[in-house]
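S.K.: starting from these lines, generate the structure:
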Amino acid sequence: MAAPGETGPETASVRNEFALERYRYILQQIHAVNENAHRFLALYQTLATALVSAALLLFVGYRKWDLAPTTARGGVIGLLILVTVVAAFTSTLIVVGAMTWLDYRNEECDITDEVVGPGFRKRPRPGNFLRWYETYVLLFVLVSVIIMWLIAVLFLLPAMR
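M.R.: Predicted coordinates for the structure are as follows:
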C-alpha cells in the first residue's frame, strides 16, 4: 500500500471506486429530486381539489344548513387561504428541489471532470429555467390560486347574501 501522500495503483483504484460510488449516489439523489417534484404537484392537486370542493359545497349548501351568509363567506375565504398556504408550501418545496438539483448536477460535473476529464458533462445553466418542468409546475400553482381567488371574489362571495 502506498504511504500517505503517494499515489500508487491501489490508491488510484480506491479513489476511482469511491468516485464511482459517489457518482451513483448523486444520480440517485437527482432521480429522487425529480420524483419529489411530481409528488409535490400531486399533493397540491389533491389538497387544492378537496379544499375548493369544500368551498363550493359550502357555497351551495349554506342556506340549506341555515348558516349566516357572513359565516359562509368566512368559511369560503378560510378554505381559500388554506389552498394558498398549500400552494406556497408546494412552491417552496419545488424551488428548494430545483436548487438541490442544481447542486447535485454541479457535484456530478465535478466528479466527471476529475475522473473522466474536464468538460465531459456540461454544467447546468440556471438560465435554462424555461426548459425545466418545475417552472411550469410553479406557473400552474400560481395561476390556479389566482383563478380560484378571482372566481371566489367575483362570483361566489357576492352571491352569498
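S.K.: which helices and strands does the helix or strand hosting Ala32 pack with?
M.R.: Taking DSSP states H and E as the criterion, Ala32 maps to helix 9-61. On a contact count with 3 or more CB pairs under 8 Å, 6 or more residues apart in numbering; DSSP states H and E, helix 9-61 meets helix 69-115, helix 133-151. For every residue, glycine as well, the C-beta is placed using N, CA and C.
S.K.: quick one: closest of those helices to Leu27.
M.R.: Evaluated with CB to CB, the helices and strands packed on helix 9-61 place helix 69-115 nearest to Leu27, the distance being 7.1 Å.
S.K.: chain center to the closest one: distance?
M.R.: Centroid separation for helix 69-115 versus its chain: 4 Å, with CA atoms, centre = their mean, to the nearest Å.
S.K.: what does stretch 33-41 give?
M.R.: Mean-position distance between stretch 33-41 and its chain equals 6 Å (CA atoms, centre = their mean).
S.K.: avg pLDDT for it?
M.R.: Per-region confidence: stretch 33-41 scores 92 on mean pLDDT.
S.K.: identify the residues contacting that stretch?
M.R.: Applying CB atoms under 8 Å, 6 or more residues apart in numbering, the contact partners of stretch 33-41 are 90, 93-94, 97, 100-101, 104, 133-134, 137, 140-141.
S.K.: again with stretch 142-155
M.R.: Outside stretch 142-155, the residues touching it (CB under 8 Å, 6+ apart) are 48, 52, 55, 76-77, 80, 83-84, 87, 91.
S.K.: alright, I will stop here.
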